[in-house]
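Peer 1: sharing a model that was predicted from the sequence below.
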Number of protein chains: 2
Amino acid sequence: MPASDFDSMAHRKRHLFVCVNRRPDGTPKGSCAVRGAEELHSRLKGLLKERGLAETEVRACTSSCLDVCWVGPAIAVEPDHFVYGRVKASDVDAIVDALATGTRVERLVLGPDDFVLPREFAEKSRS
Amino acid sequence: MPASDFDSMAHRKRHLFVCVNRRPDGTPKGSCAVRGAEELHSRLKGLLKERGLAETEVRACTSSCLDVCWVGPAIAVEPDHFVYGRVKASDVDAIVDALATGTRVERLVLGPDDFVLPREFAEKSRS
């Protein structure tokens, strides 16, 4: 059935939530938008469509802050419930390849330590 | 351990993604923001904090379009991977109660038919 026969899309198997939160330039912990997240979202969306994954497999959304600014740009992959961090435009192909095969790009997956705000930023946040 | 002893939050057990996409007034299929989604997100965030769930259990983010505009406001609950639809401000307490107990508010959970764009909107979208 060609895509044009769909009245709408199904509930996708996966959702990507690309944090595009923007903090003012110079904010110590940075922000995903300042690190290029909007371009990442746009590239992901385009490539998912090009690969025929957008309509039933994966929807790439933007989101507000995922609270891991210091290791952004960050992308929550659901329902797998892991987060990619420090993502570069050059990682987009590998991310989409992994989505196509139901695997992950392990070198980009944040670990438990990555969710801890580095102390220097914590002190600045509290002051 | 009081909350102030945390340097940061953990990877939350759940993410809520409240669609806050806004389409121009008069768009036939409507949009979540026009139906009050921004207030829903704010109430959810406030209540999760008040109930002590925000730091480790559930993070309430906003997101771009979840592609179920016609049954919005919509909230994706991850990693459970279901979507609440037609959510009203008066549903927020029940949603947070359900998150606290790991259950869902069944009357708000979208079913497979809800993901299908009604034909009258499909025809308008194509024209």
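Peer 2: Structure's in. What do you need?

Peer 1: tell me the contacts of the residue nearest the centre of chain A?
Peer 2: A centroid search over chain A (CA atoms, centre = their mean) returns A:Ile75, at 2.0 Å, as the residue closest to the centre. A:Ile75 is in contact with A:Leu16, A:Phe17, A:Val18, A:Cys19, A:Leu40, A:Leu44, A:Val83, A:Tyr84, A:Val87, A:Ile95, counting by CB atoms under 8 Å, 6 or more residues apart in numbering or on different chains. Bear in mind the C-beta positions are built from the backbone N, C-alpha and C, glycine included.

Peer 1: rerun that using 10 Å as the cut-off
Peer 2: For A:Ile75, the residues meeting the contact criterion (CB atoms under 10 Å, 6 or more residues apart in numbering or on different chains) are A:16-19, A:32, A:37, A:40-41, A:44, A:60, A:62-63, A:66, A:82-85, A:87, A:91, A:95, A:108, A:110.

Peer 1: filter these down to the ones close to chain B.
Peer 2: Contacts with chain B within these, counted by CB under 10 Å from any CB of the partner chain: A:Phe17, A:Val18, A:Cys19, A:His41, A:Ala60, A:Thr62, A:Ser63, A:Leu66, A:Phe82, A:Val83, A:Leu110.

Peer 1: pretty sure the last one contacts A:Val68?
Peer 2: Yep, that's A:Leu110 we're talking about. Yes - under the criterion of CB atoms under 10 Å, A:Leu110 is in contact with A:Val68, at a separation of 6.5 Å.

Peer 1: overlap in contacts, those two.
Peer 2: Where contact means CB under 10 Å, 6+ apart, the residues bridging A:Leu110 and A:Val68 through contact with each are A:Ala74, A:Ala76, A:Val83, A:Gly85, A:Arg86, B:His11.

Peer 1: max pairwise distance over those residues: which two?
Peer 2: By the measure CB to CB, these have their two most distant members at A:Arg86 and B:His11, which lie 15.7 Å apart.

Peer 1: more neighbours: the two, which one.
Peer 2: For A:Arg86 versus B:His11, neighbours defined as other CB atoms under 10 Å in any protein chain shown are more numerous around B:His11 (19 against 16).

Peer 1: setting aside sequence neighbours, what's the nearest residue to the more buried one?
Peer 2: Spatial nearest neighbour of B:His11, chain neighbours left out: A:Phe115 (4.8 Å); criterion: CB to CB, 6 or more residues apart in numbering or on different chains.

Peer 1: if we can go back for a sec, the ones next to chain B among the contacts of A:Ile75 in strands, which ones?
Peer 2: Counting by DSSP state E, the members of the ones next to chain B among the contacts of A:Ile75 that fall within strands are A:Phe17, A:Val18, A:Cys19, A:Ala60, A:Thr62, A:Ser63, A:Phe82, A:Val83.

Peer 1: on that earlier part again, mind pulling up the pLDDT for the residue nearest to the centre of chain A?
Peer 2: A:Ile75 is assigned 98 on the pLDDT scale.

Peer 1: give me phi/psi at it?
Peer 2: Note on A:Ile75: its backbone torsions stand at phi -130, psi 120 [degrees, to the nearest 10].

Peer 1: quick one, longest helix in chain A?
Peer 2: With secondary structure taken from DSSP state H, chain A has its longest helix at helix A:37-50.

Peer 1: pull out the buried residues from that one.
Peer 2: By 16 or more other CB atoms under 10 Å in any protein chain shown, the buried positions in helix A:37-50 come out as A:Ala37, A:Glu38, A:Leu40, A:His41, A:Arg43, A:Leu44, A:Lys45, A:Leu47, A:Leu48.

Peer 1: thinking again about what came up before, any idea which of the shared contacts of A:Leu110 and A:Val68 is closest to A:Thr27?
Peer 2: Proximity to A:Thr27 was ranked across these by CB to CB; first place goes to A:Ala74, at 15.3 Å.

Peer 1: for chain A, what spans make up the strands?
Peer 2: According to DSSP E, chain A carries its strands in the segments A:14-19, A:58-63, A:75-78, A:82-84.

Peer 1: nearest to B:Arg119, out of the ones you listed?
Peer 2: Closest to B:Arg119 of the strands of chain A is strand A:58-63 (CB to CB; 21.7 Å).
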